[in-house]
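Visitor: Okay, sequence plus prediction incoming.
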Amino acid sequence: MKLATLKDGSRDGQIVVVSRDLASAHYATGIASRMQQVLDDWGFMSPQLQDLYDALNGGRARHAFPFDPAQCMAPLPRAYQWADGSAYLNHVELVRKARNAEVPESFYTDPLMYQGGSDDFIGPCDPVVVASEAFGIDFEAEIAVVTGDVRMGATPAQALDGIRLLMLANDVSLRNLIPAELAKGFGFFQSKPATAFSPVAVTPDELGDAWQGGRVHLALQSTWNGRKVGMCDAGEEMTFHFGQLIAHIAKTRNVRAGSIVGSGTVSNKGVERKGGMDWPKGYSCIAEKRCIETIQDGQPSTEFMKYGDTIRIEMKGRDGQSVFGAIDQEVVAPAATR
């Protein structure tokens, strides 16, 4: 099934069931009012929501209305936890190679992960508000999962069973703030502002055979200022699958319902062509493009985002239809939102 949260003036919005084709929606009135309620009592509420979803797709839902992604908050507008990994090690390899550094062996056996802010997610069509263009504004196209309860010490296979929903993410990064923060040895903070998520979160079964081994085997599209810059395969080159990422968190603590776990920037390896390297599937963040330019030309030439820039992130199923709806945002200065 497909679920979304509509703006209603509250912090947590109103949960709705969305049709498979993303054309219509229906309030889950009488079942649940908020997404976190469903995650807390998944075994009881999800079958009722599934019945409503089936009725909506079958044209039997009496109070359906047109679905408008612009009215959506993040599917889970605030979460108990947002932990973002770096599951595509090609991204890490490019970043390290661009600065002539080796990738530590431990990176291939132990996932990288940071704890992001989870109190203020933004909706899929909300603006990206940044105080200064000088911060180095970048998008990051990712996949994320929302969990139920996963016990401490769970294996990757057990952790996979704890996945309730999947969605897309734009993990906005302020690249020019990152070096000074990492130099302190305590990780990202100011360089990771509010994250945006797709209009719709879907249960794994909605992906069909594209959901295999804890990976989504579909292309993630990134369109920057109307130009498609990424068609990255999210499946084959994901070094750590979502079960492994969740198990990494659960090594020393319980993971509770409503935790969101991100994949990190979806990234694909380059291919050799005519004696050189080419990246035909493009990129899912500007930083990666700049790393490629540094490797090839000795310095980056692509600038980071400016005010007025737009970014669209979307994933289509094998039927050509949008699975999650699109993240579609504009970068703006704080004064533009007053």
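Guide: Cool, the structure landed.
Visitor: in the stretch 1-150 of the chain, which spans are strands?
Guide: Secondary structure of the stretch 1-150 of the chain (DSSP state E, counting those that start in this stretch): strands at 2-6, 14-18, 24-27, 65-66, 81-85, 113-115, 128-129, 137-138, 141-147.
Visitor: wait, the stretch 151-300 of the chain
Guide: 163-170, 173-174, 196-197, 201-202, 211-212, 215-216, 219-224, 227-233, 259-262, 271-273, 276-278.
Visitor: and of the ones you listed, who's closest to Ala74?
Guide: Closest to Ala74 of these is strand 196-197 (CB to CB; 4.1 Å). All C-beta atoms are positioned from the backbone trio N, CA, C, and that covers glycine.
Visitor: In this protein, which residue is most central in space?
Guide: Ala169 (2.2 Å; CA atoms, centre = their mean).
Visitor: related to what we said a few turns ago, and of the strands of the stretch 1-150 of the chain, who's closest to Pro334?
Guide: Pro334 lies closest to strand 128-129 among the strands of the stretch 1-150 of the chain, at 5.6 Å (CB to CB).
Visitor: helices or strands up against the closest one?
Guide: With contacts taken as 3 or more CB pairs under 8 Å, 6 or more residues apart in numbering; DSSP states H and E, strand 128-129 sits against strand 327-332.
Visitor: tell me which strands and helices the strand it packs on is in contact with?
Guide: strand 128-129, strand 163-170, strand 196-197, strand 310-315.
Visitor: For the longest one, what is the distance to the chain centroid?
Guide: Put plainly, it is strand 163-170. 6 Å (CA atoms, centre = their mean, to the nearest Å).
Visitor: can you check the third one too?
Guide: Strand 196-197 has its C-alpha centroid displaced from the chain centroid by 7 Å (CA atoms, centre = their mean).
Visitor: which residues are contacting it?
Guide: Under the contact criterion CB atoms under 8 Å, 6 or more residues apart in numbering, strand 196-197 has outside partners 74-76, 121-124, 126, 128, 144, 167-170, 172, 327, 329.
Visitor: before we move on, back to that, what's the pLDDT at the residue nearest to the centre of the chain?
Guide: Looking at Ala169, its pLDDT is 98.
Visitor: That one and Ala201, how far apart?
Guide: Ala169 sits 11 Å away from Ala201, going by CB to CB, to the nearest Å.
Visitor: same question, Gly116
Guide: In terms of CB to CB, Gly116 sits 17 Å off from Ala201.
Visitor: Same question for Val216.
Guide: Val216 is 13 Å from Ala201, by CB to CB.
Visitor: Same question for Arg256.
Guide: Distance, Arg256 to Ala201, by CB to CB: 17 Å.
Visitor: And the two? Which one has more around it.
Guide: Ala201 (28 against 15; other CB atoms under 10 Å).
Visitor: Lovely, talk soon.
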